[in-house]
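K.L.:
fold the following and give me the result.
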Amino acid sequence: MQSFRTEIENPVVEKDIIELERKIRLFKEGKIDEERFRSLRLARGVYGQRQEGVQMIRIKLPYGKVTSDQLYRISDVSDEYSTGRLHITTRQDIQIHHVSLDRTPELWAELEKSDVTLREACGNTVRNVTASAEAGIDPKEAFDVTPYAHAAFQFFLRNPICQEMGRKFKMSFSGSEEDTALSYIHDLGFIAKIKDGKRGFKVLLGGGLGSQPRHADVIYEFLETEKIIPLIESVLRIFDRYGERARRMKARMKFLIKDTGLDAFLNLIEEEQKALTLTEYPIDIKESETDLSQVGLNIPVVNIADKEAYRAWVDSNVIKQKQEGFYAVGVKVKLGDFHTDKARKLAKLIKEYAADEIRFTLRQDILIRHIRKELLPFFYLELQQLGFTDIGYNSTADITACPGTDTCNLGIASSTGIAVELERVLKEEYPRYFNNKDILIKISGCMNACGQHNMAHIGFQGMSIKSGKLVAPALQILLGGGVVGDGKGRFSDKVIKVPSKRGPNALRAILDDFQSNTNEGENFLDYYDRQGQIYFYDFLKPFSDTTNLTEDDFVDWGHNENYVKAVGVGECAGVVIDLVATLLFESEEKNANAEEALLQKRWADGIYHAYTAIVNTAKALLVAEGLSTNSQASIIKQFDETFVETGKFAMDGSFSDMVYQIKSNEPVQAFAESYLKDSKAFYKRADQFRKHEVES
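P.N.:
Reported below is the predicted structural model:
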């Protein structure tokens, strides 16, 4: 690992990677509890997968933007450490699978050479910040949201306020009222607005999917751009302090909003203002502007033999940009999977003939931007050689699906297998849907909705179904979800569960009925609302009969052997088992982090490190007493009740008064130094208290 010291210029990144290598070594030596180690590696993008002994690596790509150099680097890493396959996620990330744990620090170091990170791609952190793939080129957008999404990514990466939250936190930025980044399903969603000539955002809070989807609440109709970073910081601080930690299924922001009430939560945001790093954070928008004057000036002469196929591709996959004379090309990537040989050729193409940029999309596709109109025929032929000219970009036939039982521990049924079959049915039997942008099909392998099935017009969720003593793979069919626009959306209704092998026939029945019974000018959602949930249940009911299953019904899509329901422990939340000694050791580390931050004059960071050390130390003593510690706020309250008010742990004043100094003081040097002093003194006394308790 010493080579990292000379090859990585950024000392912060270097320290991160060396720390991962050290913790892997300690874990292998049995010096770190397995569950605790899981939390650390997840926050560094290293995720366990269904297959024993290998990891999935998630590469964090803010708003899906990738340059040619980065795409080359990702391809090299995938070839060296994985299988050469790249998977685009619904959060605009790239995942590679089947990586040895021992090689993950080396892999990370290679990626960082091209400014690509794994940090906080998984775990209880701020996940990848997503944005409209058309940001900066969309004629309908209020303004380019790219610099604001990038600022949010940069400000909160490695930020101490969001390293060990109760669960993950997701944000999105939409450029127009079409809300293509899906603000209403995010913990924080931003929609670009202009008011009186000034830029700002409509802000939504507390959305989410999963088994209990929740529509986000609008908390600001218009918030100036310089205030969004302070707002995010306030929300994260509150989530970290009050968010559930013991019960994984109740640990998301949407449940905290439900428990506290929206008005009370907004009051907590106001109370947090004094402690913020900054009250305003102006964002430089110049860096996101692309100079197109020298882009694509070399225009090769080409001849297209099949002009009809070319026109169909243009109609389906080519998008006119707001920049005069430039177009974007959508590449439909089946299941989000492509290989490094194609990635390298694509990287060469965008570097030489476009603006050296692609964006991975929320639909698991690729958007190539800034192509001169005269270059479209050339791009068509080049992409055709890569198998990247299938029509249907962003259409009904562009099905979104999570990896499901292919690699995910939580997968119940094959989402990729059924997706392949449904796309085949659409291509062969319903070609008109290759240009239909109004009906979306999404598939998840379980209830957690990584494939976003419960916000689709037509959704499928992987399940199992019993037939006597046997178990067959099944699909829950959901209907009636979708984006309405400007922060409004709908969640799908659960209609009926059918054996997986009957999924294609169920889709045929839905599309056939829509074609036969829709009124003129009626879209799918209007048709669904008019007919009602029971109408669809009735005509799909014959597909749910389990008394007549055949042998084939017990073999899932994409498999050759009989179905076995095997669900492992999911790592989406990074849930851990806390040991007293481990907690106290971590408090020492947090105080050391605070000292380092103060040496660098990062007062707010130092204060927050000291705060987490104090809470962590209190948690250790409560755990030793066998008490539940389901949030930071409850830890603070219980410590007073259990130790201070009973006289077991003497303090001048209450524990909460000491801790909550963080809310009533500005983040200046004097307070940072005194707060760290309090944290160290509390840790020392707690450590002595614990040793005395053990010895006696």
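K.L.:
low-confidence ranges, the stretch 351-500 of the chain, go.
P.N.:
405-411 (pLDDT under 70).
K.L.:
would you map out the domains in the chain?
P.N.:
The chain is divided into the following domains under automatic domain parsing: 3-112, 130-287, 299-385, 400-554, 580-695.
K.L.:
any chance of those domains in a markdown table, plus mean neighbour count?
P.N.:
From N, CA and C alone the C-beta is placed, and that goes for glycine too. Formatted as a markdown table, the entries for these read as follows, by neighbours: other CB atoms under 10 Å:
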| stretch | mean neighbour count |
| --- | --- |
| domain 3-112 | 19 |
| domain 130-287 | 20 |
| domain 299-385 | 18 |
| domain 400-554 | 19 |
| domain 580-695 | 18 |
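K.L.:
surely Arg214 and Gly206 touch.
P.N.:
Yes. Using CB atoms under 8 Å, Arg214 is in contact with Gly206, at 6.4 Å.
K.L.:
intersection of neighbour lists for these two?
P.N.:
By the contact definition CB atoms under 8 Å, 6 or more residues apart in numbering, Arg214 and Gly206 are jointly contacted by 254, 257.
K.L.:
relative to Leu475, how far out is Leu511?
P.N.:
Here the distance between Leu511 and Leu475 works out to 16 Å (CB to CB, to the nearest Å).
K.L.:
which one of the domains of the chain lies closest to Gly392?
P.N.:
Closest approach to Gly392 among the domains of the chain (CB to CB): domain 400-554, 4.1 Å.
K.L.:
quick one: distance of the closest one to the chain centre.
P.N.:
Distance of domain 400-554 from the chain centroid (CA atoms, centre = their mean, to the nearest Å) equals 23 Å.
K.L.:
helices along the stretch 1-150 of the chain, start to end?
P.N.:
Listed in chain order, the helices of the stretch 1-150 of the chain (DSSP state H, counting those that start in this stretch) span 3-7, 11-28, 34-42, 68-81, 104-112, 146-156.
K.L.:
least reliable of those helices by average pLDDT, please.
P.N.:
Lowest mean pLDDT of the helices of the stretch 1-150 of the chain: helix 3-7, a mean of 48.
K.L.:
now Ala686. Nearest residue, chain neighbours left out?
P.N.:
Thr617 (4.7 Å; CB to CB, 6 or more residues apart in numbering).
K.L.:
tell me the contacts of Asn394?
P.N.:
Here Asn394 is in contact with 330, 361, 363, 365, 437 (criterion: CB under 8 Å, 6+ apart).
K.L.:
let's have those residues in a markdown table, adding secondary structure and distance to Ala312.
P.N.:
A markdown table is the format used below for the contacts of Asn394 (DSSP: H, G, I helix; E, B strand; the rest coil; distance: CB to CB, whole Å):
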| residue | secondary structure | distance to Ala312 |
| --- | --- | --- |
| Gly330 | strand | 13 |
| Thr361 | coil | 21 |
| Arg363 | coil | 19 |
| Asp365 | coil | 17 |
| Lys437 | coil | 15 |
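K.L.:
Gly445: which of those residues is nearest?
P.N.:
The closest of these to Gly445 turns out to be Arg363 (CB to CB; 17.4 Å).
K.L.:
any idea how far Gly489 is from that closest one?
P.N.:
Using CB to CB, we find Arg363 at a distance of 16 Å from Gly489.
K.L.:
same check on Lys202?
P.N.:
For Lys202, the distance to Gly489 - CB to CB - is 13 Å.
K.L.:
cool, and Ile496?
P.N.:
Computed as CB to CB, the Ile496 to Gly489 distance reads 23 Å.
K.L.:
check Phe514 too.
P.N.:
21 Å.
K.L.:
same thing with Val483?
P.N.:
Using CB to CB, Val483 is found at 5 Å from Gly489.
K.L.:
anything in contact with each of those two?
P.N.:
Residues touching both Val483 and Gly489 (CB under 8 Å, 6+ apart) are 179, 182, 184, 455.
K.L.:
quick one, what contacts the first one?
P.N.:
Read it as Asp179. 191, 483, 485-489.
K.L.:
same thing but at 6 Å, please
P.N.:
Going by CB atoms under 6 Å, 6 or more residues apart in numbering, Asp179 touches 483, 485.
K.L.:
do you know the pLDDT at it?
P.N.:
97.
K.L.:
how about it, secondary structure?
P.N.:
Put simply, Asp179 is coil when judged by DSSP: H, G, I helix; E, B strand; the rest coil.
K.L.:
now do it against Phe153, distance only.
P.N.:
The gap separating Asp179 from Phe153 is 20 Å, by CB to CB.
K.L.:
which secondary structure elements does whichever strand or helix holds His692 sit against?
P.N.:
In this assignment (DSSP states H and E), His692 forms part of helix 669-695. Here helix 669-695 touches helix 580-599, helix 603-624, going by 3 or more CB pairs under 6 Å, 6 or more residues apart in numbering; DSSP states H and E.
K.L.:
ok, back up a step: and the helices of the stretch 1-150 of the chain: which comes nearest Gln461?
P.N.:
Closest approach to Gln461 among those (CB to CB): helix 34-42, 24.4 Å.
K.L.:
can you redo the domains of the chain as a markdown table with distance to Arg119?
P.N.:
Rendered in a markdown table, the data for the domains of the chain read as follows (distance: least, CB to CB, whole Å):
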| stretch | distance to Arg119 |
| --- | --- |
| domain 3-112 | 6 |
| domain 130-287 | 6 |
| domain 299-385 | 18 |
| domain 400-554 | 21 |
| domain 580-695 | 15 |
